[in-house]
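1. sequence unknown, structure follows:
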């Protein structure tokens, strides 16, 4: 089969043109959102919301256009002839999936949901510092209604969360995630308990005064070495760090710096660079269309967590980087590498997900996932959320939040997006970071030694070949199977955590 | 007539909705262009060009939609009933003008022109520093062809430049601009000759080392005092300074700093702030539609030049600001105010338009305007442009550019836009800066004294009432008549120049 000629197929060209137009509208929206978080003056907020909503509506209209349906139908025979892993077959397959999902959701509903979420986000942004759950409660109740309505457009779903979970992590359901998390918790719970029964590790070397410019400079040096390409990216400061893709040649990250805390900017920079290197590694021919982005929320998070934790909090990594960190921050001059290593891997029961260590992080996620399901099932009313949240924290982490701002109001997700599908990707990402890293080392056993020498090309090469370059050509389950030779499994991740923390805590 | 109810007219609501969508697409494009000039990494260029072209095409499609034609027809009776200066009547009138112009230009041509200009700009950006006219020549020849083709969509035009001039400066034609410039040159030529026959003024106090941060800080202080609203704007650095509007609440400026030159950043900052205060002063009800921007190229430039020159290079202004300038830049400590005032108003025959003083600036513009017309008339071939340019500079300014990069390749306009209509707005702006300022002082004779006390609210108030708030409700000729009580006239501008420079040069 001559793939070159197939690419010339006029219907495929027409589909590609339409998909590129949709991708351009989405990229424009990404740029507007990036600007909103980085540089927009406060006066720009109202119009920006409207501009984003216009771009989203136009992209939705273009994607659900009857002409797209017709093209996809006309291209079905071609798709069957092509190898399933060819770019053209993948393009038709993924475009069909996106089109079919989009056509299930009325454009008017999308607009209604967006307007509500915009309002909800703005209210939350003010209500959270004021610890005012009463202010967000009616909005969150409406979000729950709208989330159920969104789910109702997929009446075949076994659970109301399924369409929302599937959107972020294709192939997963409420039932499969629940089973996976139960399995994980059975192992992680005892590990966390055994560690937190010991005295708290000393992390005082991470506290002090670390000038912002020096922190940013060191972070840039590290991710340059990891392989982040500055010709095709940049870093700015935002309230919450994120990665965003405007095109293969323009993939940006943001960070935030706390001058009293050496870990915040450093690890968030490595985390976002992990997301960004994934996007920078997608094959050029996938750019400007539905295949030119990561495979799923979970796979994306696996790439950020792999670099942040599996690599960036490893002894080998710091064996290499610690001397230059000490040069950059003279306060560390008298701190042995081992103390620093223990500090950056301190395990602690805590209230805030984003500050949590590797071992307890998933406990935070599982609480949110369970509460999402209960709300969608109608078993938990929004008015009872704060109490339910606090009860779960007491049960699972042994702590009760002193205030809702550090409890059920801490995360933006339910206040800026639907309830359902928002959190499972974080723990899927953790699990997959272990699975991908184990497969990488199996494929190239020299990787750990290379890392200890400050050489990251071997790991990046494996990830590029097996994950990055494929973009969204394959669904997450297909990609995981191809890359690791097996379906998603918790064993490598647990093996990694056990080995690391048994040694650290002499368990 | 109850304007409130008319606003509720369902057809008017529908028109407004469509126009807002177009405005949103254009604002998105503005944001993408701003980012391209400020922060975009080099790798983003190719995709950015495509994204901008998609947004421009969609906006053009929406504006030329048959439904818009129908709505405008259905709204014609309402428009006739409404007072001509009502917002609703203006909206219908201006939308009709934009729609009719856009429908004359085929969408395919727009795309072809944009692609060519994008290519031309990129070539010019490399060829100019290399002084390589041969590299841009074929592209410029194509630009000329395309400019004539663009003009040909308006076969009723008396001169091929007319549709291009009218687009930027409604109501003006090649003939009327030519007559105006002839009249101006007859007066300005002798004035410039009399001044440049004298010894060159000493501007050495503007040369030295002026740290970037201090220059930016002082510029910010000045425009804050003038009335630039930072809650609805910001300033960034770019290669060429510009002003851009994303919404009434987000109107940004850029600047550039030369550390050896105190004038560059300062006056460009005041210039761009002049553009920006105009946009910030448009009435809120005009935002998000075709009325929410300046009236014309000439009127816009009048606002930047009024603040930059008539105010910002006046003795009264510096009588107030000079002490704080001296505090910011200690090198000026021993320089008397009068020497500084002479330095910032030095008149000099020069090669570069953007560096030219008030008196000779228009000579640069008139050369370009004349050459544009000759090229469009077929009297001047692109291959002969460098020689024609140099001959005109020798004749009008007594200098021959040593290289094309400081000659016919110096300005971006012909390399990033059509030939025709690109330059006349600068001199119209200068003329109007004098006319509007004279009308402002006639309306509020306290304005000059207020400026000398560092109070800019009286001038800003007059400009807001008579110019800013109207946005694009009125055509430039209507706005000028309403604001100044007469049509465009060179008398006040010449009066201003003569009085200022006779005193400075004891003519």
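-> Here it is on my side, so go on. Just so it is clear, the structure is predicted and the values come from calculations on it, not from any experiment.

2. quick one: contacts of stretch A:151-166?
-> Stretch A:151-166 is contacted from outside by A:104-106, A:109, A:147-148, A:150, A:172-175, A:177, A:372-373, A:376-377, A:418, A:420-422, A:424, using C-beta atoms under 8 Å, 6 or more residues apart in numbering or on different chains. All C-beta spots, glycine's among them, are computed from the backbone N, C-alpha and C.

3. buried residues, it. List them.
-> Within stretch A:151-166, the residues that count as buried by 16 or more other C-beta atoms under 10 Å in any protein chain shown are A:151, A:154, A:157, A:159, A:160, A:161, A:162, A:163, A:164, A:165, A:166.

4. any idea how far apart the tips of stretch A:37-53 sit?
-> Counting by C-alpha to C-alpha, to the nearest Å, you get 16 Å between the two ends of stretch A:37-53.

5. the residue in the stretch 51-200 of chain A positioned nearest to chain B: which element?
-> For the stretch 51-200 of chain A, the residue closest to chain B is residue A:54, as judged by C-beta to the nearest C-beta, at 3.9 Å. Per DSSP states H and E: residue A:54 is located in helix A:45-63.

6. so what's the nearest residue in space to residue A:500 that is not next to it in sequence up against?
-> If the residues on either side of it in the chain are set aside, residue A:500 comes closest to residue A:345, at 7.4 Å by C-beta to C-beta, 6 or more residues apart in numbering or on different chains. Applying C-beta under 8 Å, 6+ apart, we find residue A:345 in contact with A:201, A:313, A:357, A:358, A:500, A:501, A:504.

7. hmm, 7 Å instead?
-> Neighbouring residues of residue A:345 by C-beta atoms under 7 Å, 6 or more residues apart in numbering or on different chains: A:313, A:357, A:504.

8. got the residues you listed as CSV, with distance to residue A:127, neighbour count and secondary structure columns?
-> Output for the contacts of residue A:345, formatted as CSV (distance: C-beta to C-beta, whole Å; neighbours: other C-beta atoms under 10 Å in any protein chain shown; DSSP: H, G, I helix; E, B strand; the rest coil):
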residue, distance to residue A:127, neighbour count, secondary structure
A:313, 34, 18, coil
A:357, 28, 19, coil
A:504, 39, 19, helix
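
9. which one of these is nearest residue B:332?
-> Distance to residue B:332 across the contacts of residue A:345 (C-beta to C-beta) is lowest for residue A:313, with 54.5 Å.

10. circling back to that earlier point, using the three-state scheme, assign the closest residue to the residue of the stretch 51-200 of chain A closest to chain B other than its chain neighbours.
-> Among residues not flanking residue A:54 along the chain, residue B:24 sits closest, at 3.9 Å (C-beta to C-beta, 6+ apart). Assigned with DSSP: H, G, I helix; E, B strand; the rest coil, residue B:24 falls in the helix class.

11. residue B:24 reaches residue A:48, doesn't it?
-> No. Contact criterion C-beta atoms under 7 Å: residue B:24 and residue A:48 do not qualify, at 9.9 Å.

12. neighbours of the residue in the stretch 251-400 of chain A that chain B sits nearest to, how many?
-> Per C-beta to the nearest C-beta, residue A:288 is where the stretch 251-400 of chain A lies closest to chain B, at 6.6 Å. Applying other C-beta atoms under 10 Å in any protein chain shown, we find 22 residues neighbouring residue A:288.

13. got a list of what it touches?
-> Residue A:288 neighbours (C-beta under 7 Å, 6+ apart): A:20, A:23, A:247, B:47.

14. could you do residue A:287 as well?
-> With C-beta under 7 Å, 6+ apart, residue A:287 has these contacts: A:247, A:248.

15. quick check: residue A:389 touching residue A:408?
-> Yes. The criterion here is C-beta under 7 Å, and residue A:389 meets it with residue A:408 at 4.0 Å.

16. who has more neighbours out of the two?
-> With neighbours defined as other C-beta under 10 Å, residue A:389 and residue A:408 compare such that residue A:408 has more, 24 against 21.

17. could I get the pLDDT score of the more buried one?
-> Looking at residue A:408, its pLDDT stands at 98.

18. so the nearest residue to residue A:434 once chain neighbours are set aside versus residue A:429, what's the distance?
-> Closest residue to residue A:434 apart from its sequence neighbours, by C-beta to C-beta, 6+ apart: residue A:493 at 2.9 Å. Distance of residue A:493 to residue A:429, given as C-beta to C-beta, to the nearest Å: 10 Å.

19. okay, and residue A:246 sits in which element?
-> Assigned by DSSP H and E, residue A:246 falls in strand A:243-247.

20. show me which positions of whatever helix or strand comes next after that strand end up buried.
-> Once the chain leaves strand A:243-247, the next helix or strand it forms, by DSSP H and E, is strand A:250-255. Within strand A:250-255, the residues scored as buried using 16+ other C-beta under 10 Å are A:250, A:251, A:252, A:253, A:254, A:255.

21. is any residue of strand A:250-255 near chain B?
-> Yes. Strand A:250-255 is in contact with chain B by C-beta under 7 Å from any C-beta of the partner chain, via residue A:250.

22. mind listing residues that contact that strand?
-> With C-beta under 7 Å, 6+ apart, strand A:250-255 has contacts from A:34, A:37-38, A:219, A:232-238, A:241-245, A:265, A:268-269, A:272-273, A:276, A:279-280, B:40-41, B:43-44, B:47.

23. determine the set of other helices and strands touching whichever helix or strand comes after it.
-> For strand A:250-255, the following helix or strand on the C-terminal side (DSSP H and E) is helix A:262-280. Judged by 3 or more C-beta pairs under 7 Å, 6 or more residues apart in numbering or on different chains; DSSP states H and E, helix A:262-280 is in contact with helix A:212-226, strand A:243-247, strand A:250-255, helix A:297-305.

24. buried set for helix A:262-280?
-> Those would be A:262-280, for helix A:262-280 by 16+ other C-beta under 10 Å.

25. who are the contact partners of the most centrally placed residue in chain A?
-> The residue lying closest to the centre of chain A (C-alpha atoms, centre = their mean) is residue A:301, at 4.0 Å. The contact partners of residue A:301, taken as C-beta under 7 Å, 6+ apart, are A:425, A:426, A:428, A:429.

26. let's go with 10 Å and repeat that
-> Going by C-beta atoms under 10 Å, 6 or more residues apart in numbering or on different chains, residue A:301 touches A:169, A:271, A:274-275, A:294, A:308, A:424-433.

27. how about it, nearest residue that isn't a chain neighbour?
-> In space, residue A:301 is closest to residue A:429, 2.4 Å off (C-beta to C-beta, 6+ apart).

28. next secondary structure after the one helix or strand that neighbour maps to?
-> Residue A:429 belongs to helix A:424-443 when elements are defined using DSSP H and E. Per DSSP H and E, helix A:424-443 leads on to helix A:447-452 as the next helix or strand towards the C-terminus.

29. buried sites along that following helix?
-> Buried residues in helix A:447-452 (16+ other C-beta under 10 Å): A:447, A:448, A:451.

30. mind listing what the last one touches?
-> Read it as residue A:451. Residue A:451 touches A:226, A:310, A:311, A:312, A:314, A:315, A:316, A:317, A:319, A:320, A:458, A:459, counting by C-beta under 10 Å, 6+ apart.
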